[in-house]
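Asks: need a structure here:
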Amino acid sequence: MERLCIAVATCVLVSCTVKGVSGENSTSELQASCVPVPGHEPLSLCPLISIGGYGSFQDVITLANIIKLFNPNLVGAAPGKTVHGMQAHISATGFNLAVTGHNTFNLPGQTRYLIDTLRSYEGLNFEEDWKLLTILMGMNDICDYCKDKALFSVDNFIHYMTVSLEMLMNEVPRMIVNVVQILPMQTLREVQKPTPGCLLQRSFCSCLIEPVARSPELRELVEVNLEFQKRLEELLDSDRFFRDDFAVVLQPFLKHADPPRLPNGKIDMTFFTHDCFHFTIKGHEELAKGLWNNMFQPEGGKMIVSSFSDPISLICPPRVRQVLVSQWRYDTGAACRLRHQPEKEHPYIFTRPIAARSGRPLPQSSVVLLLSLLVGFGRLGLV
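Replies: Take a look at the predicted model:
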């Protein structure tokens, strides 16, 4: 087996000291509710874990704001806040093309819109710029499973995911796709408080919330949840979605995640908005850190969060004193080094191992990988 390692060149000096504000210390602007509430005033959507670019790393921790520490010229992050029910310009949304409430059968349509948007965007060199895409889909399918077991089956989930990934691989050059594993959803039934907002859970995810404990319906849904995880792993456990300038990587940090709890074992509701389903900024920050860490961990060594009760520590790359040129290359083993600058240490995005092919030449061209574009879609559930 060989492992393709993509070095992330940096264009700013960074320190390994990582200091960020928690949800409780965020600015008053960011304390706005994070999800739409039907029948109430329009509410702001909070910064997303992957593509949210509001402020800086010191304001709120998102994947985009972490990457901006290395590349302040990042393109595509959503710099502003959007409001449910109100059309927003791309200057506020960036390349966040997610649609709240969409199911996996909507993913090919989102993918087509994404590709067309990237091709036509004047500020992007579609052929040359590197692109980082994050997809988290499937939880809405589980929430709706009992309404149409054929439409929201695991077979359809895999079918529409496959169609979308093949579309990206066939049409988009220089892209890394993070596919985030869905979480075990049964424990979300415990996220409750006696408020009108919590009643929205039954609207968002009735197939999960309404069944009686230990009922056949709930047991079936738990099994379906596990099957979604298993089949997604099987789909991506190959070199099917892999070429010299394209890779799909399963990031598993949510696979066994338990909701954050207080010392008494009850759910820590400060992580959840008043609809008792979506995460607050405090929760989004932990998800962003988990995703970042997984990106820089090799397969077999990726962190899987057991509980969000304990804050996640960011993996911090070593200091870099200059802009560095890296190249795509194949290197046996988990440890990767730049051949032309062996004395330097750099963070690497690990793609999954690919089958060794005898006589396969090393790519000759060198590139500066600045992750110049951040793309995110497939927003649902806790994302």
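Asks: Please count neighbours and contacts with C-alpha atoms only from this point.
Replies: Noted.
Asks: Where does the prediction get shaky in the stretch 251-383 of the chain?
Replies: 317-383 (pLDDT under 70).
Asks: For A150, what is the enclosing helix or strand?
Replies: Assessed by DSSP states H and E, A150 sits outside every helix and strand.
Asks: tell me the contacts of it?
Replies: By CA atoms under 8 Å, 6 or more residues apart in numbering, the contact list for A150 reads N156.
Asks: quick one: it and Q181, what's the gap?
Replies: 22 Å (CA to CA, to the nearest Å).
Asks: any idea what sits nearest D245, other than its immediate chain neighbours?
Replies: Excluding its sequence neighbours, the residue lying closest to D245 (CA to CA, 6 or more residues apart in numbering) is R174, at 4.8 Å.
Asks: Could you tell me how many residues sit around that neighbour?
Replies: R174 is flanked by 19 other residues according to other CA atoms under 10 Å.
Asks: Just confirm it contacts V248, I think it does.
Replies: No - assessed by CA atoms under 8 Å, R174 is found out of contact with V248, at 11.4 Å.
Asks: okay, and the common contacts of these two?
Replies: Common contacts of R174 and V248, defined by CA under 8 Å, 6+ apart, are absent altogether.
Asks: residues contacting R119?
Replies: With contact taken as CA under 8 Å, 6+ apart, R119 is in contact with F126.
Asks: Could you say which helix or strand holds it?
Replies: helix 107-120.
Asks: L132 now?
Replies: Counting by DSSP H and E, L132 is part of strand 131-135.
Asks: Adjacent strands (with direction) for that strand?
Replies: When sheet partners are counted by DSSP bridges, strand 131-135 sits next to strand 175-180 (parallel), strand 373-377 (parallel).
Asks: Distance check, N96 against T280.
Replies: Counting by CA to CA - N96 and T280 are separated by 18 Å.
Asks: With neighbour numbers in mind, choose between the two.
Replies: With neighbours defined as other CA under 10 Å, N96 and T280 compare such that T280 has more, 26 against 23.
Asks: Quick check: the more buried one vs L114, distance?
Replies: Counting by CA to CA, the gap from T280 to L114 is 27 Å.
Asks: how about low-confidence regions in the stretch 51-200 of the chain?
Replies: Filtered on pLDDT under 70, the stretch 51-200 of the chain yields the residue ranges 51-54, 78-92.
Asks: Which parts of it are helices?
Replies: Here the stretch 51-200 of the chain has its helices, by DSSP state H, counting those that start in this stretch, at 63-67, 90-93, 107-120, 139-143, 154-171.
Asks: Now do the contacts for the closest residue in space to E171 that isn't next to it in sequence.
Replies: Among residues not flanking E171 along the chain, I115 sits closest, at 7.7 Å (CA to CA, 6+ apart). Applying CA under 8 Å, 6+ apart to I115 gives the contacts 168, 171-172.
Asks: Filter those residues down to the buried ones.
Replies: Taking 16 or more other CA atoms under 10 Å as the criterion, what is buried in those is 168, 172.
Asks: how about the CA coordinates for stretch 66-73, as PDB?
Replies: These are the backbone C-alpha positions of stretch 66-73, laid out as PDB (Å, rounded to 0.1, in the frame of the first residue of the first chain):
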ATOM      1  CA  ILE A  66      -8.100  27.700  11.100                       C
ATOM      2  CA  ILE A  67      -7.000  27.400   7.500                       C
ATOM      3  CA  LYS A  68      -6.800  31.200   7.300                       C
ATOM      4  CA  LEU A  69      -4.000  31.100   9.800                       C
ATOM      5  CA  PHE A  70      -2.000  29.300   7.100                       C
ATOM      6  CA  ASN A  71      -3.500  31.000   4.100                       C
ATOM      7  CA  PRO A  72      -5.100  34.400   4.600                       C
ATOM      8  CA  ASN A  73      -6.000  34.500   0.900                       C
END
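Asks: Show me which residues of that stretch are buried.
Replies: The neighbour-count check on stretch 66-73 (16+ other CA under 10 Å) flags 66-72 as buried.
Asks: just stretch 263-279 next, same as before
Replies: So stretch 263-279, judged by 16+ other CA under 10 Å, has buried residues 267-279.
Asks: Quick one: end-to-end distance for stretch 244-259.
Replies: For stretch 244-259, the first-to-last residue distance is 38 Å (CA to CA).
Asks: So what touches that stretch?
Replies: Here stretch 244-259 has contacts from 169, 173-184, 187-188, 229, 233, 236, 241-242, 267-268, 290-291, 294-295, 302-309, 328, 351-352, using CA under 8 Å, 6+ apart.
Asks: Got a quick PyMOL command for the buried subset of those?
Replies: Those of the contacts of stretch 244-259 that count as buried under 16+ other CA under 10 Å are selected in PyMOL with:
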select buried, resi 169+173+174+175+176+177+178+179+180+181+182+183+184+188+229+236+241+242+267+268+290+291+294+295+302+303+304+305+308+309+328+351+352
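Asks: that older thread, out of the buried residues of stretch 263-279, which is nearest to R219?
Replies: F277 (20.4 Å; CA to CA).
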